[in-house]
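J.: Kindly return the folded structure for what I paste below:
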Amino acid sequence: MKMHWFDWNDATSTAEMIRLEISALTPPPDVGPIEEEFFESGDDAVLRLTGAFDATERLPTRLRVRAREIEVALAELDPTIRAAMEVAASNIREVAEAQRGSDPRPVELPQGQAVTIREVAVGAAGIYAPGGRAAYPSSVLMCCTPAKVAGVERVALASPPGPDGRISRSVLAAAALCGVDEIYAMGGAQAIFALAYGTETIQRVDVIAGPGNAWVQEAKRAVYGQVGIDSYAGPSELMVIADSDTDPTWAAFDLCAQAEHGGESILAAVAVDETTLEDIAAATERIATEREIDPDVLLALIQVPDLNDAIDLANGFAPEHLELLGEETVGLAHRVTTAGCVLIGRYGATAFGDYAAGSNHVLPTGGTGRFSGPLGPGTFMRKISEVNVGKEAATVLGPHVDALARTEGFPIHGESAMIRTQ
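T.: Presented below is the predicted three-dimensional model:
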C-alpha cells in the first residue's frame, strides 16, 4: 500500500491536492472504441467484448439468463447466505419505503389555479452489478430493491459472467429475492451501452444504476442524456477521521476492507495528533501486508489543526464513505454536508453500511457528493407537474402572462392566454 503524507494548507486546497494526486494516478479510460464496436455489431459485440474483457474463460452463448437457472440458484442457496440476504433486503426495503413519503397534495393558489407535483416511476431500469472473478449479490440487493419500491415495472440486471461463462449463483439468487425481471450475462462498458441503446436481444432502459470500475463509470457518463444515471459510483473511497480515543487497529481494518475493492480504491486518514496518524499508518501497513492488499492502493495521511478543520476537509473532499471514529468526532456529524454515507461512532464500520444496515452502498464518488447522494427510490422516479387552471384563474393570470410574454418577444404566448379571458 502506498502511504502519502499531505501537508496541511487549508481544507479546500488540501482536498484539491489529494484529488489531483489521485487523478494523476488513475486517468479515466477511453470507452469510445467499445462504443463504436457496440454500434457496429450489437449483440455479437456485447458477447465478444464480454469474453475479451471480463473474467470468463468460456464465452457465453446467450446474453439473457433463463428463468429456470435463476429459480434453481435461489432454491439451492446456502441457508445461512439466504438468511443474511433476506435480512439485508428487508432492511434496505424498509429504508427505501420510508424515502417515498406520502401522496402529494394540490397547492391551491390565490388566483384559483391548483398545482400538483407528483412522482411516477420510470418504465424500465438497468442495474449493473460487478462480477467476473468475484460476485457481489449485495449490489443487486442495494440497487434492485429501491427500484422495485419505486414501482419500476421492468428491472433488467447486467452482471459479468465468471470463468465458466455463467453469472454467479449468489447474484442470481439475490436477483430472485428482489423480483428482477430480466438478467443478462454481460459486463463492462459494453453492458452499459447495451442497456442504454438496446440490442437485438435487449430492450433499452430509462435509467442505469449500480457500481462498477472506471470503464463502467465512463460508459455511464457517455450515455447520460440518452438515459438517466444514478451517479458516478466508483472506485471506492473511505475517509476516516480519528482522535486519541480511536483504536488504530479497528481503523486499519476499515481502511484495508475498502482496499479489497482493488488498486483504484482511495483511502484517507485524518487526525489532529500526529501519533494517532502514525499508529493508524503502521497498523494499516501491517494488515495490508498480512492480507496481501493491492500495493497500488493509496492511503492519504493528513494532520489537521483541529477537528473542525477535519470536517471542513471532508466537506471539501466529499468522500464516498466517511467514518467518525472518535468520541470527539461524533458530535460533529451534523456539520458533514457532502459525504455519501457517514458512519458514526467507534462501532460504525463502513462494512455495516456496505451490506446489511439498511443504508445504500451505491454512493457518489470522485467528489460528486457535492451535488448527488445515495441511490434510493428517487433514482428511479421522475416528477410531473399537473396544473389545473379554471376560468377564474385564467382571467386573473392572463394579463400578467401577456405582459411577460410580450417583454420576451413571444406575443403569441400572450394571445394564447388572453383568448381565454374573453
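J.: for the chain, what's the longest helix?
T.: Using DSSP state H to define each element, the chain has its longest helix at helix 79-100.
J.: average pLDDT for it?
T.: Model confidence over helix 79-100, given as mean pLDDT, is 92.
J.: so how far is stretch 133-153 from its chain's centroid?
T.: Stretch 133-153 has its C-alpha centroid displaced from the chain centroid by 11 Å (Cα atoms, centre = their mean, to the nearest Å).
J.: Just the CA atoms of it, as CSV, please.
T.: Output of stretch 133-153 as CSV, limited to C-alpha atoms (Å, rounded to 0.1, in the frame of the first residue of the first chain):
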residue,chain,number,x,y,z
ARG,A,133,-13.9,-13.5,-10.7
ALA,A,134,-15.8,-12.2,-7.7
ALA,A,135,-19.6,-11.9,-7.0
TYR,A,136,-21.5,-9.0,-5.5
PRO,A,137,-25.0,-10.1,-4.5
SER,A,138,-25.1,-7.1,-2.1
SER,A,139,-25.0,-4.7,-5.1
VAL,A,140,-28.1,-6.5,-6.5
LEU,A,141,-30.0,-6.0,-3.2
MET,A,142,-28.9,-2.4,-3.0
CYS,A,143,-30.0,-1.4,-6.5
CYS,A,144,-32.9,-3.7,-7.3
THR,A,145,-34.8,-3.3,-4.1
PRO,A,146,-35.2,0.5,-4.3
ALA,A,147,-36.1,0.2,-8.0
LYS,A,148,-38.9,-2.2,-7.1
VAL,A,149,-40.0,0.0,-4.2
ALA,A,150,-40.2,2.9,-6.6
GLY,A,151,-42.6,0.9,-8.7
VAL,A,152,-40.4,0.3,-11.8
GLU,A,153,-42.3,-2.2,-14.0
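J.: Straight-line length of stretch 314-332, end to end?
T.: Using Cα to Cα, to the nearest Å, the end-to-end distance of stretch 314-332 comes out at 12 Å.
J.: what comes up buried for that stretch?
T.: For stretch 314-332, burial by neighbour count (16 or more other Cβ atoms under 10 Å) applies to 314-326, 328-329, 332. All C-beta spots, glycine's among them, are computed from the backbone N, C-alpha and C.
J.: before we move on, what about stretch 124-134?
T.: Those buried within stretch 124-134 under the rule 16+ other Cβ under 10 Å are 124-132.
J.: distance between the ends of that stretch?
T.: End to end - Cα to Cα - stretch 124-134 spans 27 Å.
J.: Who are the packing partners of the helix or strand encompassing Val72?
T.: Assigned by DSSP states H and E, Val72 falls within helix 67-75. If contacts are counted by 3 or more Cβ pairs under 8 Å, 6 or more residues apart in numbering; DSSP states H and E, helix 67-75 sits against helix 169-178.
J.: Next SSE downstream of the helix it packs on?
T.: strand 182-185.
J.: which other residues reach that next one?
T.: Strand 182-185 has contacts (Cβ atoms under 8 Å, 6 or more residues apart in numbering) with 50, 60, 62-65, 70, 154-161, 165-167, 172, 175, 191, 194, 201-202.
J.: In helices only, show me those residues.
T.: Those of these lying in helices (DSSP H): 50, 70, 172, 175, 191, 194.
J.: who's in contact with the last one?
T.: If I follow you right, that is Ala194. For Ala194, the contacting residues are 38, 46, 63, 158, 184, 186, 202, by Cβ under 8 Å, 6+ apart.
J.: Take the ones in helices among the contacts of strand 182-185 and lay them out in TSV including pLDDT.
T.: TSV is the format used below for the ones in helices among the contacts of strand 182-185 (pLDDT from 0 to 100):
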residue	pLDDT
Thr50	91
Ile70	96
Leu172	97
Ala175	97
Ala191	97
Ala194	98
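J.: Now render those as a markdown table, adding distance to Gly353.
T.: Below are the ones in helices among the contacts of strand 182-185 laid out as a markdown table (distance: Cβ to Cβ, whole Å):
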| residue | distance to Gly353 |
| --- | --- |
| Thr50 | 30 |
| Ile70 | 27 |
| Leu172 | 24 |
| Ala175 | 21 |
| Ala191 | 26 |
| Ala194 | 30 |
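J.: Pull out the buried residues from those.
T.: Counted by 16+ other Cβ under 10 Å, the ones in helices among the contacts of strand 182-185 give 50, 70, 172, 175, 191, 194 as buried.
J.: Of the buried residues of stretch 314-332, which belong to strands?
T.: 321-324 (DSSP state E).
J.: ok, now which ones touch the closest residue to Ser138 other than its chain neighbours?
T.: Nearest in space to Ser138, with sequence neighbours left out and distances taken as Cβ to Cβ, 6 or more residues apart in numbering, is Tyr355 at 5.4 Å. Going by Cβ under 8 Å, 6+ apart, Tyr355 touches 84, 88, 138, 361.
J.: rewinding a little: now the longest helix of the chain: buried residues?
T.: 82, 85, 88-89, 91-93, 95-96, 100.
J.: of all those, which two lie farthest apart?
T.: Spatially, the most separated pair among those is Arg82 and Arg100, at 26.7 Å (Cβ to Cβ).
J.: Surely Ala268 is within a strand?
T.: Yes. Under DSSP: H, G, I helix; E, B strand; the rest coil, Ala268 falls within a strand.
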